[in-house]
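Peer 1: everything below, folded, please.
(one chain, ligands or ions: 2)
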Amino acid sequence: MTTLVNLNLITDLQKFGAAEINACMSCGNCTAICPLADNDATFPRSMIRLAQVGLTDDLVGSKELWTCYQCGLCTSRCPQDADPAEFMATARRYAIAHYDKSGIARIMYTKPILGGAIALVAALFFALFFAAVSGERSQQSLKLFDFISYPIIHTVGIILMAVVVLFSAIGVILLARDIARRDDVTWKSVVGSKAAWKRTGKALWYALGIESLGQKRYREDCTDDEPVVPLYRRRWLIHALTIWGFLGLLLATAIDYGMDMFGLKPTGTWVPLWYPVRLLGTIAGLSLMYGVTWFMITRWQKRAESSQHSLPTDWLFLALLWITGLTGFLIEIALYAGPAPQWGYWVFLIHVAVAMELVLFLPFSKFAHAMYRPVSLFFYGLAKNKELQSA
Ligand code: SF4
Ligand code: SF4
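Peer 2: Ligands and ions are numbered 1, 2, ... in the order given. Predicted structure coming up:
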């Protein structure tokens, strides 16, 4: 197989951040201190080396990129101030742009003014569209789906999902292909025998259950924080509450949709606060808001090594999540605040428009890590099982 060397890789990477990476002299201090580097994943030094010698495919197709949680320990021990933690974050941004074949992610990361304009136009488009198709605003009680009809929201959502799933699937398949090539993982070693299926099942459980939901390595990594950072501000907890909140909201929406489909409860019917699906949505929303608010505070204050560098697109992702959560709670207040406060209709319109934008930008923003990290962790899970090598 021919190996292509990209002589412009460092220059190109620098457009995504990581300005100091040329200072690295490969001493290995960063790998020695990294709590997540082990025999199966030696980083960040090896990743920096790949960039320095111009091996783009090896860099973006490394599962190690996504196993780093950007704790910043490596940066604090680098004698050259090469900022390896920021390099890892930069390489992940670069990988998101590499696997996005529309080119939108590259624009969002490297041309912030144009990227901001695209985000603004998309938000205005959704807001104006839903305003144009909106119906009557009942004065007696808040009838949100009389204002913007459920079939319209549903249809726009399905169209958006089709676009997002297409670009996401392309990115995920290409990343999986590249990691598999690099790690010598074949179809046979994944599904070719009963033992292979068992290993695959274990790797899936590791990626989705233990790491993505349980945050095991993130938690262990954060043990270094324990003496100084109170539990409510630990990075793993903030990250976990954001994920759990987001998934909880998705689950509540799916259950609501299912109940409507099976004729159990039409969507939009008034229910008390303690109704199980409503309660699930409220708790999940609180969890999401807590996590995202702390992420924004730590980025703003730049207290931790991990929050020293933020690109506008990082803020866009957090802002969209935060506005979606906040408007969701305002709608809830409006629903239970007595006779039809009219502002509730307009908050609902903003909520729907921002949620649509959030979905639309999934493959083109930091949000994409939610699909690339589990893929990499799956291969990491496979690599942990040494039997794979002999399959
Ligand atoms: S990034 Fe710093 S610590 Fe890591 S290998 Fe390079 S010089 Fe050494
Ligand atoms: S930021 Fe933390 S997890 Fe990532 S490479 Fe550096 S030490 Fe390892």
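Peer 1: setting the sequence-adjacent residues aside, check what's closest to residue 101.
Peer 2: residue 170 (5.8 Å; Cβ to Cβ, 6 or more residues apart in numbering). (C-beta placed from N, C-alpha, C; glycine too.)
Peer 1: what does the stretch 1-150 of the chain have sitting close to ligand 2?
Peer 2: Applying Cβ under 6 Å from any ligand atom, one finds that the stretch 1-150 of the chain approaches ligand 2 through 34, 36, 43-44, 68-74, 84-85, 88.
Peer 1: if we go to 5 Å?
Peer 2: Residues of the stretch 1-150 of the chain lying close to ligand 2 (Cβ under 5 Å from any ligand atom) are 34, 36, 44, 68, 70, 71, 73, 74, 85.
Peer 1: just checking, what packs against the strand or helix carrying the residue nearest to residue 101?
Peer 2: For residue 170, the host element (DSSP states H and E) is helix 150-183. When contacts are defined as 3 or more Cβ pairs under 8 Å, 6 or more residues apart in numbering; DSSP states H and E, helix 150-183 packs onto helix 56-60, helix 84-99, helix 343-360, helix 369-384.
Peer 1: which one of the residues of the stretch 1-150 of the chain next to ligand 2 has the most neighbours?
Peer 2: Highest neighbour count within these: residue 74, with 29 neighbours (other Cβ atoms under 10 Å).
Peer 1: checking the most far-flung residue of the chain relative to its centre next. Helix, strand or coil?
Peer 2: Residue distances from the centre of the chain (Cα atoms, centre = their mean) peak at residue 140, which lies 40.4 Å from the mean C-alpha position. Here residue 140 is recorded as coil under DSSP: H, G, I helix; E, B strand; the rest coil.
Peer 1: which ones are touching it?
Peer 2: Residues in contact with residue 140 (Cβ atoms under 8 Å, 6 or more residues apart in numbering) are 339, 340.
Peer 1: how close does the residue lying closest to residue 343 once chain neighbours are set aside sit to residue 353?
Peer 2: The shortest distance from residue 343 to any non-neighbouring residue, by Cβ to Cβ, 6+ apart, is to residue 334 (6.9 Å). Separation of residue 334 from residue 353 (Cβ to Cβ, to the nearest Å) stands at 17 Å.
Peer 1: what do you get for residue 73?
Peer 2: Separation of residue 73 from residue 353 (Cβ to Cβ) stands at 40 Å.
Peer 1: ok, now residue 67?
Peer 2: Between residue 67 and residue 353 the computed distance is 35 Å (Cβ to Cβ).
Peer 1: settle it for me: which of those two has more neighbours?
Peer 2: residue 353 (25 against 22).
Peer 1: after the host helix or strand of residue 283, which helix or strand is next?
Peer 2: With secondary structure defined by DSSP H and E, residue 283 is part of helix 276-301. Sequence-wise, the next helix or strand downstream of helix 276-301 (DSSP H and E) is helix 312-336.
Peer 1: hmm, who's touching that next one?
Peer 2: By Cβ under 8 Å, 6+ apart, helix 312-336 touches 108-109, 112, 115-116, 119, 142, 144, 242, 245-246, 249, 270, 273, 281-282, 285, 288-289, 292-293, 295-296, 299, 341, 343-344, 347-348, 350-351, 354-355, 357-358, 361, 365-367.
Peer 1: please apply the same query to stretch 27-38.
Peer 2: 42-46, 67-69, 71, 73-75, 77-80, 84, 217, 220-221, 224.
Peer 1: now with 7 Å, please.
Peer 2: For stretch 27-38, the surrounding residues in contact (Cβ atoms under 7 Å, 6 or more residues apart in numbering) are 42-45, 67-69, 73-74, 77-79, 84, 217, 220-221.
Peer 1: same for ligand 1: which of the residues you listed are within range?
Peer 2: 45, 78, 84.
Peer 1: I'd assumed residue 47 was in contact with the last one.
Peer 2: No - the pair residue 84 / residue 47 is not scored as a contact, 8.2 Å apart, by Cβ atoms under 7 Å.
Peer 1: more crowded one of these two?
Peer 2: Taking neighbours as other Cβ under 10 Å, residue 84 and residue 47 compare with residue 84 leading, 30 against 24.
Peer 1: need the pLDDT of that one.
Peer 2: If you check residue 84, the pLDDT there is 92.
Peer 1: how close does it get to residue 74?
Peer 2: Using Cβ to Cβ, one gets 4 Å for the distance from residue 84 to residue 74.
Peer 1: any residues in contact with both of the two?
Peer 2: In contact with both residue 84 and residue 74: 30, 44, using Cβ under 7 Å, 6+ apart.
Peer 1: helix, strand, or coil at the residue in the stretch 51-200 of the chain positioned nearest to ligand 1?
Peer 2: Nearest residue of the stretch 51-200 of the chain to ligand 1, counting by Cβ to the nearest ligand atom: residue 78, 3.3 Å away. Secondary structure, three-state DSSP: residue 78 is coil.
Peer 1: just the pLDDT for the residue nearest to residue 101.
Peer 2: As predicted, residue 170 sits at a pLDDT of 96.
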